[in-house]
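Student: give me a model of this one.
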Amino acid sequence: MSIREMHCLPNDSVLRQKARRVSSIDKSVQRLIDDMIETMHYTNGVGLAAPQVGIPLRVIVVQMPDEEPIAIINPEVVKRSGEREVSEACLSVPGYGGEIKRSLSVTVKGLDRQGKALRIKATGLLAQALEHEIDHLDGTLYIDHIESQDKLYRVEPEAEAEGM
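Tutor: The predicted structure follows:
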């Protein structure tokens, strides 16, 4: 396992590309997942999408406090309900945070790292993290959801450590 370089705006076009579906879960995908988990831990993130480490594949990892990390291959949101305003930051948009709207709950389907079908019903922070990371796979960043400039703000490095 190794820590991968974080790709950040404004200089990285991989963050704005639609990621490709994973067609085969081979050793390279397994290593990518391991590296993404290690990179997420190193950067104190809650989640990470493969494009954030420069790989345009539909792979995400998320980890809630005191739980094991979850890897999802080819994830997609199949149901959303409700709406709430949340504060978000992103490891690929350093120095900023913002207030945006996210769903109260989501249902996400995809594959686990062994290729088994997976379905997650999530609320709260997990729902937010899943939406955030799946957005990355479509080239969308949280800043694209900000309704007005007054909802975007600078963050100090300590506060930024909780990015997704």
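
Student: show me where the protein has its strands.
Tutor: Along the chain, counting by DSSP state E, strands occupy 47-49, 59-62, 70-81, 84-89, 96-102, 105-111, 117-123, 152-154.

Student: okay, those in a markdown table with mean neighbour count, distance to H41 and mean pLDDT next?
Tutor: Placement of C-beta: from N, CA and C, glycine included. As requested, the strands of the chain are arranged in a markdown table below (neighbours: other CB atoms under 10 Å; distance: least, CB to CB, whole Å; pLDDT from 0 to 100):
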| stretch | mean neighbour count | distance to H41 | mean pLDDT |
| --- | --- | --- | --- |
| strand 47-49 | 29 | 10 | 98 |
| strand 59-62 | 28 | 10 | 98 |
| strand 70-81 | 18 | 13 | 98 |
| strand 84-89 | 18 | 17 | 96 |
| strand 96-102 | 19 | 21 | 96 |
| strand 105-111 | 19 | 21 | 98 |
| strand 117-123 | 14 | 21 | 98 |
| strand 152-154 | 13 | 25 | 93 |
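
Student: just put the ones you listed in CSV and tack on distance to I25.
Tutor: As requested, those are exported to CSV (distance: least, CB to CB, whole Å):
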stretch, distance to I25
strand 47-49, 17
strand 59-62, 10
strand 70-81, 6
strand 84-89, 29
strand 96-102, 29
strand 105-111, 7
strand 117-123, 12
strand 152-154, 37
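
Student: and the gap between the residue nearest in space to the middle of the chain and V108?
Tutor: For the chain, the residue nearest the mean C-alpha position is E133 (2.2 Å; CA atoms, centre = their mean). E133 is 10 Å from V108, where distance means CB to CB, to the nearest Å.
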